[in-house]
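Student: Can you look at this prediction? I've put the sequence above it.
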Amino acid sequence: MLWAFRRALPACYDNAMTDMTHLEEKIAHLTRVVDDLSDIVAAQQKEIELSTRRLAMLMEREASREYDAGGSVPLADQRPPHW
């Protein structure tokens, strides 16, 4: 019986090493994917911030244009009639 156990031990060890290698490869792949996604999210955040600043500038420009044209309070600062 001890002989059978000693004979089966290397096979278990090989399977464990194969499983361990597979897990290490999977972890490396997932780490790379997470890093890539992090870079994508960071780039999107920069684009959102830039778009937000541009939109704010355009809204200010349009509000000043409306004020210059009509001399009244810009519509963006007025409450809607249903309030």
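Tutor: All right, it came through fine. Numbering: from 1, shown residues only.
Student: gap between residue 19 and residue 31?
Tutor: Distance check for residue 19 against residue 31: by C-beta to C-beta, to the nearest Å, it reads 19 Å. Glycine gets a C-beta too; all of them are placed from N, C-alpha and C.
Student: how much space between residue 21 and residue 36?
Tutor: 23 Å.
Student: and what of residue 61?
Tutor: From residue 61 over to residue 36 the distance is 38 Å, taken as C-beta to C-beta.
Student: Could you do residue 47 as well?
Tutor: Distance, residue 47 to residue 36, using C-beta to C-beta: 17 Å.
Student: any low-confidence regions in this protein?
Tutor: Within the chain, the stretches with pLDDT under 70 are 1-14, 71-83.
Student: What are the boundaries of the strands in it?
Tutor: Under the criterion DSSP state E, the chain contains no strands.
Student: Helices of that one, start to end?
Tutor: 2-70 (DSSP state H).
Student: Let's see stretch 56-72 as CSV, backbone CA atoms only.
Tutor: Provided in CSV are the C-alpha atoms of stretch 56-72 (Å, rounded to 0.1, in the frame of the first residue of the first chain):
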residue,chain,number,x,y,z
ALA,A,56,-19.5,75.1,-19.6
MET,A,57,-17.6,77.6,-21.8
LEU,A,58,-20.2,77.3,-24.5
MET,A,59,-23.0,77.7,-22.1
GLU,A,60,-21.4,80.9,-20.7
ARG,A,61,-20.8,82.2,-24.2
GLU,A,62,-24.4,81.6,-25.2
ALA,A,63,-25.7,83.1,-22.0
SER,A,64,-23.7,86.3,-22.6
ARG,A,65,-24.8,86.4,-26.2
GLU,A,66,-28.5,86.1,-25.1
TYR,A,67,-28.0,88.8,-22.5
ASP,A,68,-26.3,91.1,-25.0
ALA,A,69,-29.0,90.6,-27.6
GLY,A,70,-32.1,91.0,-25.3
GLY,A,71,-30.8,92.8,-22.2
SER,A,72,-32.7,90.4,-20.0
